[in-house]
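Chemist: Dropping a prediction and its sequence here:
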Protein chains: 2
Amino acid sequence: MTVTAEAYVLESPKAPLVRRPLQIPAPGPAEAIVEVIACGLCHTDLGYADGSVPTKKGIPIVLGHEAVGRVVDAGNDFKSLIGGNVLVPAVLPCGECDFCKAGRGNACPNQKMPGNDIDGGFSTHFLVPARPLIKLGGVSNVAALSVVADAVSTAYQAILRANIAAGDAVIVVGAGGVGGFVVQIASALGARVIACDIIADRLKLIAGYGAAETVDLSSKDFKEVRKQVKSFAKGAPSFRYKIFECSGSTGGQTTAYGLLDRAATMLQVGYTPNKIDVRLSNLMAFDATIHGTWGCPPEVYPGVLRLIEEGKVKLEPFIAYGPMSKVNEYLDAMAAHKLEKRMVMDPRK
Amino acid sequence: MTVTAEAYVLESPKAPLVRRPLQIPAPGPAEAIVEVIACGLCHTDLGYADGSVPTKKGIPIVLGHEAVGRVVDAGNDFKSLIGGNVLVPAVLPCGECDFCKAGRGNACPNQKMPGNDIDGGFSTHFLVPARPLIKLGGVSNVAALSVVADAVSTAYQAILRANIAAGDAVIVVGAGGVGGFVVQIASALGARVIACDIIADRLKLIAGYGAAETVDLSSKDFKEVRKQVKSFAKGAPSFRYKIFECSGSTGGQTTAYGLLDRAATMLQVGYTPNKIDVRLSNLMAFDATIHGTWGCPPEVYPGVLRLIEEGKVKLEPFIAYGPMSKVNEYLDAMAAHKLEKRMVMDPRK
């Protein structure tokens, strides 16, 4: 079947997204058409919309990489998906290359990211590679799971890379969005977590969801921050310090890097195009590691969905629901740092 | 027993080392007195001698952290070592803390480094913790093995951290000293190795010992270097690119960092106190890793000694022998970049 979708299209950077009818062609043998139930709004979308980061597809493009929906049509090999609800991962690997076979699908060179490489989920329908879709069973609130497509799964994958175990000292720099989920998941796995942010309200919220201690970076100089973090972490040997940089800011990166210690591990999760000045040899002197971590391979999603199902990771306190027709308002609010929760948007409204 | 050693002492930075008699006390229960057969001269010694890096012990101090020798006395728990030849690792972990028990002994917070934390091997005798000593069986040329204490074992440990396997594409930036041994060991393990350096003679030498291709960094701009390296490496997927920064220079670090690719791994092996300006988020976009790597835990030495015994790693082409009485000449030559090989010094001459 072909579908005429109603999509919010980025036609020119800095200008509002425009609602347009969009012809979705019949799916190829390994493709599926997803009728979007909800799509999350991510800070990355703002970067594309305001022109600070170009999309790989260029313009015009439909943004949105945090979608859940119902499969309404699929190619020959994936007919069994039709009628079922799926989560569309933000990183869609090919599933066939050396990277995918080696478990490094999130670095797959053939990967497609909705709303970046291909049209995304700010639409009633979109066309995606069918293989990486994650089937959702009989969950009660499918819409909330949209944020698992990127924010929660990226946090979970970073935690797997860090090899978090009970008793680890986890330090999260930037406790909104992805960072907030790092706090929750690490805590669910038995780690002791200290959350650092410049926004007091975020710290207040996350203190109720796994952060044993918080540090307001806006009111302390680095020496004080370091002292508080070390004092918190010292129950564990420093090879069990796992430092997550989730702020995607040069200030956050400088703080996280400065907290490295003997045999500690840092996870670079946030993104900023800006450079920082670092003494790279500290890594050598400390025998320390930095893992950069991008997205999450499809095979890892069931693990994080289970944590949510078991109630160990909560989504509702961190999201808000709204109609997709207000997407431009939400983008403006995000740019003005006035969006406190992750928006989950309904394209039918 | 106590021993009066003849030691070369750093009494003041920038001044020549001074030969002095040195009283070595009787060993404690977990200590040993090693009669030095040979001690290697490392670039790190120059940093201490010229005052650019302070030793942890301060001055006066006997430098030297690449020693082999014969145990002439030992504490109660280590009497069996007496009379045997040993290698004294450059990093001497306590063997009892959480780091040591977790296999991270090279990051042990209680570690002692001869010629830095304690008096070292530029001496006829020195006193060391007995537990981490590596027994040497009936090897033919004990003196040559001095360079295993730091240069070769540091290279080997970095290779273990990088999890090198046959077919990996190994890129070595800085192919002298430690880097040259990275080339040899990686090649012995079946990796394809490209060596990059600013010194043409080094590249010529290492081409005979495992480097399938070389890049003269002094005659190419970074884009050309990158093109040549990618062309060499492309037979392997980039998650099998292992980039070793062994130059300990900001230029080398910038080059190595710039060669990162999807899911690649960089090893920071060289040391410079200087900072570089990097886009740390590249690690995130690439899902890439940097391991800093420091020294080598004692339990890993048998593996690298075996490679040498089997003739897969050659020492002789990379070392030169000389009397320790010429240590100040060698330091001057090193400072003037005129020391082509690693000096192995005999303290009895």
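Modeler: Done, it's in.
Chemist: residue closest to the middle of chain A?
Modeler: A:Ala151 (2.4 Å; CA atoms, centre = their mean).
Chemist: C-terminal to the helix or strand encompassing A:Lys223, what's the next element?
Modeler: Assigned by DSSP states H and E, A:Lys223 falls within helix A:222-233. Next helix or strand after helix A:222-233 toward the C-terminus (DSSP H and E): strand A:241-245.
Chemist: So which elements touch that following strand?
Modeler: strand A:169-173, helix A:177-188, helix A:250-258, strand A:265-268 (3 or more CB pairs under 8 Å, 6 or more residues apart in numbering or on different chains; DSSP states H and E). For glycine as for every other residue, the C-beta is placed from the backbone atoms N, C-alpha and C.
Chemist: What is the shortest one packed up against?
Modeler: Right, strand A:265-268. The contact analysis (3+ CB pairs under 8 Å, 6+ apart) places strand A:265-268 against strand A:241-245, helix A:250-258, strand A:289-292, helix B:281-286.
Chemist: In CSV: these, plus distance to A:Val170 and mean neighbour count.
Modeler: Below are the helices and strands packed on strand A:265-268 laid out as CSV (distance: least, CB to CB, whole Å; neighbours: other CB atoms under 10 Å in any protein chain shown):
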stretch, distance to A:Val170, mean neighbour count
strand A:241-245, 5, 29
helix A:250-258, 12, 21
strand A:289-292, 14, 25
helix B:281-286, 18, 21
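Chemist: could the ones you listed go into CSV alongside mean pLDDT?
Modeler: Shown next, in CSV, are those (pLDDT from 0 to 100):
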stretch, mean pLDDT
strand A:241-245, 98
helix A:250-258, 97
strand A:289-292, 98
helix B:281-286, 97
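Chemist: Of these, which is nearest B:Ala263?
Modeler: helix B:281-286 (6.8 Å; CB to CB).
Chemist: near chain A at all, that closest one?
Modeler: Yes: interface with chain A: helix B:281-286 contributes B:281-286 (CB under 8 Å from any CB of the partner chain).
Chemist: now, among the residues you listed, which is nearest to chain A?
Modeler: B:Leu283 (2.7 Å; CB to the nearest CB).
Chemist: Spit out the contact partners of the closest one.
Modeler: B:Leu283 is in contact with A:268, A:290-292, B:260, B:289-290, counting by CB atoms under 8 Å, 6 or more residues apart in numbering or on different chains.
Chemist: can these go into JSON lines with extra columns for distance to A:Pro302?
Modeler: Listed next are the contacts of B:Leu283 as JSON lines, based on distance: CB to CB, whole Å:
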{"residue": "A:Gln268", "distance to A:Pro302": "25"}
{"residue": "A:Ile290", "distance to A:Pro302": "28"}
{"residue": "A:His291", "distance to A:Pro302": "22"}
{"residue": "A:Gly292", "distance to A:Pro302": "24"}
{"residue": "B:Leu260", "distance to A:Pro302": "30"}
{"residue": "B:Thr289", "distance to A:Pro302": "25"}
{"residue": "B:Ile290", "distance to A:Pro302": "30"}
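Chemist: For B:Gln23, which of the helices and strands packed on strand A:241-245 is the nearest?
Modeler: Between the helices and strands packed on strand A:241-245, helix A:250-258 lies closest to B:Gln23; by CB to CB that is 42.9 Å.
Chemist: which helices and strands does the closest one pack with?
Modeler: strand A:169-173, helix A:222-233, strand A:241-245, strand A:265-268, strand A:276-278.
Chemist: So for the second one, mean pLDDT?
Modeler: If you average the pLDDT over helix A:222-233, you get 97.
Chemist: ok, and for it, which residues are buried?
Modeler: Within helix A:222-233, the residues scored as buried using 16 or more other CB atoms under 10 Å in any protein chain shown are A:225-226, A:228-229, A:232-233.
Chemist: Same question for the last one.
Modeler: Neighbour-count burial for strand A:276-278 flags A:276, A:278 (criterion: 16+ other CB under 10 Å).
Chemist: Off-centre distance for it?
Modeler: 25 Å (CA atoms, centre = their mean, to the nearest Å).
Chemist: partners of it in the sheet?
Modeler: strand B:276-278 (antiparallel) (DSSP bridges).
Chemist: Grab the longest strand from chain A for me.
Modeler: For chain A, the strand that runs over the most residues, judged by DSSP state E, is strand A:31-40.
Chemist: Who are the packing partners of that strand?
Modeler: For strand A:31-40, the packing partners by 3+ CB pairs under 8 Å, 6+ apart are strand A:67-74, strand A:85-88, strand A:125-129, strand A:342-346.
Chemist: what does the longest one rub up against?
Modeler: Meaning strand A:67-74. Contacts for strand A:67-74 (CB under 8 Å, 6+ apart): A:1, A:3, A:26-27, A:31-40, A:78, A:81-88, A:114, A:120-121, A:125-126, A:130, A:133, A:136, A:142-143, A:145-146, A:149.
Chemist: pLDDT (mean, whole number) over that strand?
Modeler: Strand A:67-74 comes out at a mean pLDDT of 98.
Chemist: And for the shortest one?
Modeler: What strand A:85-88 shows for mean pLDDT is 98.
Chemist: From the contact counts, what lies against that strand?
Modeler: Here strand A:85-88 is seen to pack against strand A:31-40, strand A:67-74, strand A:134-135 when contacts are counted using 3+ CB pairs under 8 Å, 6+ apart.
Chemist: who in the stretch 101-250 of chain A is up against chain B?
Modeler: A:102, A:104, A:106-107, A:109, A:237-239, A:245, A:248.
Chemist: Can you pull the poorly scored residue ranges out of the stretch 151-300 of chain A?
Modeler: Scanning the stretch 151-300 of chain A for pLDDT under 70 picks out no residues.
Chemist: can you rerun that using 90?
Modeler: Within the stretch 151-300 of chain A, the stretches with pLDDT under 90 are A:176-177, A:235.
Chemist: picking that back up, tell me what the helix holding A:Lys223 is packed against?
Modeler: Going by 3+ CB pairs under 8 Å, 6+ apart, helix A:222-233 lies up against strand A:169-173, strand A:192-197, strand A:211-216, helix A:250-258.
Chemist: and if we set it to 10 Å?
Modeler: Using 3 or more CB pairs under 10 Å, 6 or more residues apart in numbering or on different chains; DSSP states H and E as the contact test, the elements touching helix A:222-233 are strand A:169-173, strand A:192-197, strand A:211-216, strand A:241-245, helix A:250-258.
Chemist: okay, it in CSV with CA atoms only?
Modeler: C-alpha atoms of helix A:222-233 as CSV (Å, rounded to 0.1, in the frame of the first residue of the first chain):
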residue,chain,number,x,y,z
PHE,A,222,35.6,22.8,40.3
LYS,A,223,37.7,22.2,43.4
GLU,A,224,34.6,22.1,45.5
VAL,A,225,32.8,19.9,43.0
ARG,A,226,35.8,17.5,42.9
LYS,A,227,36.0,17.4,46.7
GLN,A,228,32.3,16.5,47.0
VAL,A,229,32.4,13.9,44.3
LYS,A,230,35.5,12.2,45.7
SER,A,231,34.0,12.2,49.2
PHE,A,232,30.9,10.5,47.8
ALA,A,233,32.7,8.0,45.6
